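[1] Coordinates for the following, if possible.
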Amino acid sequence: MDLTFSAEENEFRDELRQWLAENHPGDEPRGDDDTTFEFRKDWQRSLYDGGWAAVQWPQEYGGRDATLMQSAIFFEEVGRTRAPLPANVLGLLLAGPTIMAWGTDEQKERYLTPILSADEIWCQGFSEPEAGSDLASVKTMAKRDGDDWVVTGQKVWTSGAQYAKWCLLVARTDPEAPKHKGLSYFLLDMDQPGVQVRPLVQITGEAEFNELFIEEARIPHENMLGGEGDGWNVALTTLMNERSGLGFFLQIRLRQLLDQLVEEAVRNGKIKDPVIAEAIGEIEARTEVTRLTAYRGLSTIEKYGQPGPEGSLTKWLWSETNQMLVQLAADVVGPEALSADSKWAYELLRARGNTLEGGTTEILKNIIAERVLGLPRK
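    Here you go, the predicted structure:
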C-alpha cells in the first residue's frame with residue numbers, strides 16, 4: 001500500500017482538521033459514567049450535524065462514501081486532537097454495517113439514521129459466561145411463539161448496555177442442529193420487562209461493561225436479521241467490522257502516551273538510565289509496527305473486499321504495548337504515578353483489561369496462527 005496521501009486525501013484531511021478545530025468538544029469529563037456518556041452523546045450529535053458521524057458509510061445511508069484511506073485519516077485525526085470516540089461507537093462500527101449487509105429495506109430505513117444521530121444507542125449481546133471466545137457455544141435460547149420469538153438467557157461483558165435501546169443478539173433457535181448452524185441473529189429491544197442490565201464495576205471505578213439477564217423477552221420475527229439459522233454468518237459480518245477504524249484511533253493514542261512518557265523521562269533524568277532507555281526504545285518500535293500493521297489491514301480489505309484476520313494482530317500488538325507502556329510509566333514517574341489523582345494511575349488501571357476486551361490475547365494468537373500463518377490445529 002502506498003502511504004503517500006493523494007491530493008483528494010489531503011483535501012479530506014484538511015477539511016476535517018478545520019472542522020475539528022472549530023467544533024472540538026474539549027476535555028472529556030471523568031469521575032461520573034453518566035456525565036461522560038452524555039458528553040460523548042453530545043459530541044456524536046455534533047459529528048452528525050457536521051456530516052462526520054460515519055464517514056465510511058455510503059452516502060445513501062448518511063455517510064460520506066469515504067475511501068479506506070479517508071476512513072483511516074478520520075480516526076487518526078480524531079485521535080490526534082484527543083477528541084473522544086462517539087457515544088454510539090458500537091452502533092456506528094457494528095450495527096450499522098451489519099444491518100446494511102443483511103437487513104431488509106424496512107430495517108435499514110428504521111434503524112440506520114437513529115444510529116448516526118445517537119438517538120438510539122446499541123450494544124452487542126454475543127459473549128456469555130460459558131461462551132466468550134467460542135461464540136458458537138451460546139446457550140441463550142429463542143423459541144418461536146406466533147409472530148414473536150421468546151428469548152431466555154444471559155450475556156456478559158456487554159459494553160454500554162446500561163444506555164442501549166437496541167442489542168445485537170445471537171441466540172440458539174435450533175438446539176438439534178450443529179452448534180454453528182443452530183443460531184439466529186436478532187435486534188433486541190432493551191426497553192422491556194424481560195431484560196435486566198447489571199453493571200460490572202472495574203478497578204477504575206467505571207462501569208463500561210454489564211451483565212445482561214434475559215427472561216422471556218419478546219422479539220418480533222421482523223426483528224430477525226438474515227434468516228433463521230443465519231446467525232453465525234451474520235455474526236461474522238459484525239465481528240469482521242469490530243476492529244475496523246479503531247486501530248487507527250488506538251495507535252494514535254498509544255503514540256501520544258509514549259510521547260508524554262518520553263517528556264517525563266527527559267524532565268526527571270530517567271532517560272539516562274540505560275534500562276529505561278532500552279524499554280522506551282522497544283515500545284517506540286512496537287508503536288510504529290502497530291501503526292504500519294493497521295495500514296496493512298487496509299491492503300487486505302482492498303484486495304478481498306472485507307476485513308481479514310490481520311485485524312487481530314493490530315489489537316494484540318496495541319493491547320500488549322499499551323500495558324508495557326503504562327507499567328513503564330510507574331518506573332519513570334515514580335510513586336506519583338500510583339496516586340489516586342494521577343493521570344498515569346488511571347491509565348495503568350484501565351490498561352489491565354486491554355488484553356481481555358475485544359478478544360483475549362490468547363484467542364487472537366490462535367486466530368493469527370491458524371488464519372494468517374496457516375499453522376495446523378492440534
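[2] can you list contacts of stretch 112-122?
    Residues outside stretch 112-122 that contact it (CB atoms under 8 Å, 6 or more residues apart in numbering): 41, 44-45, 48, 53-54, 57, 61-62, 86-88, 90-92, 94-96, 99-100, 111, 160, 163-168. C-beta: built from backbone N, CA, C; applies to glycine.
[3] Looking at those residues, which are in strands?
    Judged by DSSP state E, the contacts of stretch 112-122 include Trp166, Cys167, Leu168 as members of strands.
[4] What residues does the residue nearest to the last one when sequence neighbours are not counted make contact with?
    Counting by CB to CB, 6 or more residues apart in numbering, Leu168 lies nearest to Gln124, which is 5.0 Å off, once chain neighbours are set aside. The contact partners of Gln124, taken as CB under 8 Å, 6+ apart, are Leu90, Leu94, Thr158, Ser159, Cys167, Leu168, Thr238.
[5] and after whichever helix in the chain runs longest, which helix or strand comes next?
    Determined from DSSP state H, the single longest helix within the chain is helix 274-304. Next helix or strand after helix 274-304 toward the C-terminus (DSSP states H and E): helix 310-333.
[6] Now Cys123: closest residue in space, sequence neighbours ignored.
    Ala164 (3.9 Å).
[7] What residues sit buried inside the helix or strand containing Trp19?
    In the assignment (DSSP H and E), Trp19 maps to helix 7-23. By 16 or more other CB atoms under 10 Å, the buried positions in helix 7-23 come out as Glu9, Phe12, Arg13, Leu16, Trp19, Leu20.
[8] Could you do stretch 86-105 as well?
    86-103.
[9] Sort out which of those are in helices and list them.
    Short answer: these in helices (DSSP H) are Val89, Leu90, Gly96, Pro97, Thr98, Ile99, Met100, Ala101, Trp102.
[10] Sketch out the helices for the stretch 1-150 of the chain, chain order is fine.
    For the stretch 1-150 of the chain, the helices defined by DSSP state H, counting those that start in this stretch cover 7-23, 33-49, 68-80, 89-90, 96-102, 105-117.
[11] Run a quick neighbour tally on the residue lying closest to Ala277 once chain neighbours are set aside.
    Excluding the flanking residues, the one nearest Ala277 by CB to CB, 6+ apart is Ile271, at 6.0 Å. By the criterion of other CB atoms under 10 Å, Ile271 has 17 neighbours.
[12] which SS class is Ile271?
    Applying DSSP: H, G, I helix; E, B strand; the rest coil to Ile271 yields a three-state assignment of helix.
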